[in-house]
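Student: With the input below, show me the fold.
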Amino acid sequence: MKHDLVVLFEHPQWQKPLFDALEARRVKFVAFDLKQAAFDVDLSPDAPLYFNQASPSAYVRDHTRAVPFALSFMRTLENAGVHVLNGSRAFALELSKSAQGSMLHRLQIDHPKSLAFNSVEAVKRRWTEWPALLKPEQGGSGARMFLLQSFEELERTLSLQPEVWLPDNLLLLQEYFPVDASRGIVRMEFLGGELLYAMRVVSHGAFNLCPSEVCNPSDGEEGHCSIPTRTPTKPVEFYPYREVPAEAVDAGKRIMAEGGLDVGGIEYLETPDGRRVFYDINANSNLRPAIAKEFGFDPFERVVDFLVGELERTGASK
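Tutor: Numbering: from 1, shown residues only. Model prediction:
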């Protein structure tokens, strides 16, 4: 084999810190760009270990083809017996908000009521709880999300902006929960089945809570993100959260294990009546160095530690 590790990616700025950390540790890896690629279905793998860092939000960067390619490529690799971290099972879960909801239901973890639909008329017969959030089935970076007050507003939104149906013509209406704006939501980052760190995210009305420094810089400068911020007047704020409840961590571990995620971010919100509602599962986890530094480590160094451990487990040279 040519390499020890292949990293599948679509967004080079998001992955640069990981690439830098791998190079510093002299890991023999290659970055595989999913945007313009091909593979032989009778492939011979280039490495014993592959690490998927594809993102569902690729379509908002005009990289729609990267997503089905990544899923098909990983399934082919897995059929060939290759170990793929955050492989096809994890990625398929990230691509489907409805699958995430049904899995949380099976695990008996509190989550929002949701209705998947491909017809506005079908919604009229099935959904009466307003306000509600409109989300794409294949989400990512808060793209194409709307807080709607009525069925009529849903009709009007989809009539005036038919592109909201893209990329897969499947949408969700989801139960809306008001939260304490000063406390925001909680995002837990997991690595190898264990909690890496947790943080509170205060959005000021934004749906794009991407923790990448590219999208939401720590210095408060304007981010360079493909998802425009529509309403907030202040940047998204991130704070280390050391007191994350053990019950929340346990729920996150169960989600990661059931979903087949090796690395990922789990988000939940807290309601005024004391509920802890889990609503988002992210396999492509954009780690935030400024937060991890508050806990005393570099998150990408920890990811490299994990990858090196997986390489040792496969018997590859380092």
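Student: What segments of this protein are strands?
Tutor: Remark: strands of the chain, listed N- to C-terminal, are 5-9, 29-33, 49-52, 83-85, 114-117, 132-136, 146-148, 171-175, 185-191, 194-202, 237-240, 263-270, 276-282; assignment by DSSP state E.
Student: Please name the residues that touch Val6.
Tutor: Counting by C-beta atoms under 8 Å, 6 or more residues apart in numbering, Val6 touches 29-32, 45-47, 49-51. Heads up, the C-betas are built off the backbone N, CA and C, glycines and all.
Student: Now for the residues you listed, which sits with the most neighbours around it?
Tutor: Neighbour counts for the contacts of Val6, by other C-beta atoms under 10 Å, peak at Phe51, which reaches 26 neighbours.
Student: my guess is it meets His3, correct?
Tutor: No - Phe51 lies out of contact with His3 (C-beta atoms under 8 Å); the separation is 11.5 Å.
Student: need the contacts of Val6 in CSV with pLDDT and distance to Ser88, can you?
Tutor: Listed next are the contacts of Val6 as CSV, based on pLDDT from 0 to 100; distance: C-beta to C-beta, whole Å:
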residue, pLDDT, distance to Ser88
Phe29, 97, 20
Val30, 97, 20
Ala31, 97, 20
Phe32, 97, 15
Pro45, 94, 15
Asp46, 94, 18
Ala47, 96, 17
Leu49, 97, 15
Tyr50, 98, 11
Phe51, 98, 13
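Student: so which of those residues comes closest to Glu237?
Tutor: Phe51 (29.8 Å; C-beta to C-beta).
Student: Next up, the contacts around the closest one.
Tutor: Taking C-beta under 8 Å, 6+ apart as the definition of contact, the neighbours of Phe51 are 5-8, 84-86, 307.
Student: ok, and the closest non-adjacent residue to the residue nearest to the spatial centre of the chain?
Tutor: In the chain, the C-alpha closest to the average C-alpha coordinate belongs to Asn282, at a distance of 2.5 Å (C-alpha atoms, centre = their mean). Spatial nearest neighbour of Asn282, excluding adjacent residues (C-beta to C-beta, 6 or more residues apart in numbering): Gly265 at 4.1 Å.
Student: ok, longest helix in the chain?
Tutor: Scanning the chain for the helix with the most residues, using DSSP state H, yields helix 299-314.
Student: Not counting its own residues, what contacts that helix?
Tutor: The contact list for helix 299-314 (C-beta under 8 Å, 6+ apart) reads 4-5, 17-18, 20-22, 25, 27, 48-49, 51, 83, 85, 189, 191-192, 196-197, 262-263, 287-289, 292, 318.
Student: where in the chain is pLDDT low?
Tutor: Segments of the chain classed as low confidence (criterion: pLDDT under 70) are 141, 206-209, 212, 215-233, 316-318.
Student: Helices of that one, start to end?
Tutor: Using DSSP H, the helices of the chain run over residues 12-24, 66-79, 88-94, 97-106, 120-126, 151-160, 246-259, 289-294, 299-314.
Student: closest to Pro235 out of those?
Tutor: helix 289-294 (13.0 Å).
Student: May I have that closest one as CSV, with CA atoms only?
Tutor: C-alpha atoms of helix 289-294 as CSV (Å, rounded to 0.1, in the frame of the first residue of the first chain):
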residue,chain,number,x,y,z
PRO,A,289,-8.7,24.9,19.3
ALA,A,290,-9.6,28.0,21.5
ILE,A,291,-12.1,25.9,23.5
ALA,A,292,-9.9,22.8,23.8
LYS,A,293,-7.0,25.1,25.0
GLU,A,294,-9.2,26.0,28.0
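Student: Of all the residues in that helix, which ones are buried?
Tutor: Applying a neighbour-count criterion of 16 or more other C-beta atoms under 10 Å, the buried positions in helix 289-294 are 291-292.
Student: what do you get for stretch 150-164?
Tutor: Of all the residues in stretch 150-164, those buried under the rule 16+ other C-beta under 10 Å are 151, 153-154, 157-158, 164.
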